[in-house]
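Colleague: Below is the sequence, then the predicted model.
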There are 2 protein chains.
Amino acid sequence: MASLQEISQRANVSVATASRVLNGSSHPVSSQTRAKVLSAAEALGYTPSVLAQLVRKGQRSRIIGVIVGDVSDPYFGAVARGVEEAVADDGYLTMIASGRRTTAAELDHLRSLRDHQAAGVIFASSGYENDPLTEQAQELVDSLMASGSIVLALAPRDISCSGRIAFDDRGAAFDATRYLIGLGHKEIAFVGGPGGFHTSTHRRDGFEAAVRSAGLTPNKRLTGGFEYEAGYRAAQHIALSPERPEAILAVNDDVAIGLVVGFRDTGLRVPADISVCGIHDTRPASYVGLTTVAAPLSEMGHAAGLAILNGETSGTTVLPHHLVERTTTAPSSARAAR
Amino acid sequence: MASLQEISQRANVSVATASRVLNGSSHPVSSQTRAKVLSAAEALGYTPSVLAQLVRKGQRSRIIGVIVGDVSDPYFGAVARGVEEAVADDGYLTMIASGRRTTAAELDHLRSLRDHQAAGVIFASSGYENDPLTEQAQELVDSLMASGSIVLALAPRDISCSGRIAFDDRGAAFDATRYLIGLGHKEIAFVGGPGGFHTSTHRRDGFEAAVRSAGLTPNKRLTGGFEYEAGYRAAQHIALSPERPEAILAVNDDVAIGLVVGFRDTGLRVPADISVCGIHDTRPASYVGLTTVAAPLSEMGHAAGLAILNGETSGTTVLPHHLVERTTTAPSSARAAR
DNA sequence: GCTACAAAGGAAAACGATTGCCGTCCGAGA
DNA sequence: TCTCGGACGGCAATCGTTTTCCTTTGTAGC
């Protein structure tokens, strides 16, 4: 509340001197005056106006924005936690802004982050094809980068930014599918997210490639949302379908869990009757013992945080994933031996 | 990037006029000059410096900070989503800051929120007893409120702020316990969070009151963390204990789910051998069919968002909870009839 | 006793805005 | 013709800082 102005009056010095004492400067100040200023500041409870400092110095603030698709999705929680761990010790502040899966909301957040001169922006959510707002987003990203902010994408996006840190969506789906094939399953389906999202598409591509490479024909792939409910609903359909697959790869854990619970609610046994595999390995996966591909979520966040701290301004990093086998998948023979 | 200065030069008007045109003012400007300014702004790609505006006008920014304990806890996700829905249409931005369950980190976030003149701050996480940093937190909250920010607590906190919006921790635990008693259980235990947290304590109090009011003696209550793992570990102990309870109330859903999975992993049947009830009704609760008390999480967030929008500066609101019966609880007779 | 230089402090111009106050111009009313 | 008032625009102060130039003073070196 108290300004340098008031401090300087109370201490009988100029504003310049007060500034020099209170906010580090190389300009020398005698220890007497320094003491006077310090005690005045103490008495008045001085707090520098960070806003004014930013205006004057034109620097970046110590805010790092993480743009996520859904605040209650544990995927984003993991990423955000990684960012936080990387930057908290350096006094940077991670703020999570939810795009609620709409680009319009993301634009609002980008604008606000630009307005407040954020040190960095991290896109944790995937973009989607033919997004009419891409151009606007790119403009905002450009202006952010032009003014010194670092913009990183952790998921596929039609935006050129300072750098990318991700895992291999296609490869993860490919590996998971190979694993299911290795279990002896022949009829394998992919349950994807909402159409058009890049992650969905890449993962579906990986799935198809694996199925084809094994000489099988890719089974029907149903689409839905990214949430539990979408998986649950899909399970209802699949359970009733005449040509029910033996195994399913879901686009992510939430959908996979929805499938598992949905199947069980309709009387199917998982994995005896049908195997289910997810992608991400978020916390709830272990709640239901889901077999899934562990994605380096917090590692990605961590790397992104460090990149912003170090001002790294280019490059692409791909972090490794690995399969975590739990209890929702079983060899095909288990079914035959029933 | 372009400043009013540059705009005014290009349009051959004074900075004052440019300001009046570009950022609404009641002062009249002829349509000719207006057009000149507008086209200059367009050509130069003018964006007002929100920071400078804030410095000059001393107003609050359009940022609302939500301080949570753990970004991957779905409890906080629900609250944040509620806030978001309430304020997004008015152009306010919800930013989630993780206190990582330490007051020191919370203080950092509070400072940053104050520095950026946030419109409001919402405490979604509980405080704990004898927190040595309470005083500092109170000072920060006071300075925030003094400068016009609204500070709301959604969980018990030893801080006096603009208002409180919550549900009845004690009552929720009381009702859940009465429900378990109503099922015929006599040996009921409470598995609490880390010692000292107000929510833990209030819920334990509600539990004890219910048990006592039924003429039973409160069973041992084990403490742990707020997470799944704490519940899982507790389940290991309880399963091996000679005087195993018939029913358990957990401090929240995550712990309850940990208990359920933990029990099943040790061969106990839930609910046949032991009933488990949670508090919150977060998403994962439905994944495992957990019986739990539904807390008005997003409603609290929503109400808090509206309160900040409307500048409501006082009052306490308590929102209702209700029990959601699923499949982790069963009557005691089910056990006897085994 | 002179110069030279470092230390110490202040005045004032920025940064990018907003706004109170004043001057000019014009048309309307007397 | 004179006056009055409103429309319109600019000057300059202001917000809370930082930073570039001074100016003054003290001291060391010759």
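Modeller: That came through, no problem. Residues are numbered from 1 along each chain as shown, chains lettered A, B, ... in the order given.
Colleague: Confirm residue A:100 sits in a strand?
Modeller: No: if the criterion is DSSP: H, G, I helix; E, B strand; the rest coil, then residue A:100 is coil and not within a strand.
Colleague: ok, it touching residue A:68?
Modeller: No: counting by CB atoms under 8 Å, residue A:100 stays clear of residue A:68, with 9.2 Å between them. For every residue, glycine as well, the C-beta is placed using N, CA and C.
Colleague: of the two, who's got more company?
Modeller: Neighbours per residue (other CB atoms under 10 Å in any protein chain shown) separate residue A:100 from residue A:68, with residue A:68 holding more: 29 against 18.
Colleague: quick one: pLDDT of residue A:312?
Modeller: Looking at residue A:312, its pLDDT reads 88.
Colleague: Please apply the same query to the one 10 residues further on.
Modeller: Per-residue confidence (pLDDT) for residue A:322: 98.
Colleague: can you give me the strands in chain A?
Modeller: Applying DSSP state E to chain A gives strands spanning A:63-68, A:93-98, A:120-123, A:150-153, A:163-167, A:188-192, A:222-223, A:247-250, A:275-280, A:291-294, A:316-319, A:322-324.
Colleague: Contact partners for the nearest residue to residue A:109 once chain neighbours are set aside?
Modeller: Distances taken as CB to CB, 6 or more residues apart in numbering or on different chains place residue A:97 nearest to residue A:109, at 4.0 Å, with adjacent residues excluded. Contacts here follow CB atoms under 8 Å, 6 or more residues apart in numbering or on different chains; on that basis residue A:97 touches A:65-68, A:109, A:112-113, B:93-96.
Colleague: Farthest pair within the residues you listed?
Modeller: Farthest-apart pair in the contacts of residue A:97 is A:68 and A:112; separation 14.7 Å (CB to CB).
Colleague: With residue B:227 as the reference, measure out to the residue nearest in space to the middle of chain A.
Modeller: Nearest to the geometric centre of chain A sits residue A:124, at 2.8 Å (CA atoms, centre = their mean). Separation of residue A:124 from residue B:227 (CB to CB, to the nearest Å) stands at 22 Å.
Colleague: cool, residue A:286 as well?
Modeller: Where residue B:227 is concerned, residue A:286 sits at a distance of 11 Å (CB to CB).
Colleague: per-residue confidence for residue A:176?
Modeller: On pLDDT, residue A:176 comes in at 98.
Colleague: wait, what's in contact with it?
Modeller: The contact partners of residue A:176, by CB under 8 Å, 6+ apart, come to A:207, A:249, A:277, A:279, A:292-293, A:323.
Colleague: Most neighbours among those residues, which one is it?
Modeller: Using other CB under 10 Å as the neighbour criterion, residue A:249 leads those with 33 neighbours.
Colleague: pretty sure that residue contacts residue A:207?
Modeller: Yes: taking CB under 8 Å as the definition, residue A:249 is a contact partner of residue A:207 at 5.6 Å.
Colleague: from the stretch 201-338 of chain A, which residue is nearest to DNA strand C?
Modeller: Residue nearest to DNA strand C within the stretch 201-338 of chain A: residue A:311 (21.1 Å; CB to the nearest atom of the strand).
Colleague: quick one: residue A:53 and DNA strand C, what's the gap?
Modeller: Residue A:53 sits 9 Å away from DNA strand C, going by CB to the nearest atom of the strand, to the nearest Å.
Colleague: Could you pull up phi and psi at the closest residue to that residue other than its chain neighbours?
Modeller: Excluding the flanking residues, the one nearest residue A:53 by CB to CB, 6+ apart is residue A:23, at 7.3 Å. With angles defined as degrees, to the nearest 10, residue A:23 sits at phi -120, psi 100.
Colleague: since we're on residue A:23, how many residues are nearby?
Modeller: 10.
Colleague: cool, residue A:316 as well?
Modeller: Burial of residue A:316 is recorded as 9 neighbouring residues (other CB under 10 Å).
Colleague: Wait, it touches residue A:163, no?
Modeller: Yes: distance between residue A:316 and residue A:163: 6.5 Å, which falls inside the contact criterion (CB under 8 Å).
Colleague: on that earlier part again, return the most buried member of the strands of chain A.
Modeller: strand A:247-250 (a mean of 31; mean count of other CB atoms under 10 Å in any protein chain shown).
Colleague: So what are the sheet partners of that strand and their directions?
Modeller: Sheet pairing here is set by DSSP bridges, and for strand A:247-250 it gives strand A:188-192 (parallel), strand A:275-280 (parallel).
Colleague: rank those by pLDDT, which is bottom?
Modeller: Among those, strand A:188-192 scores lowest, at a mean of 93.
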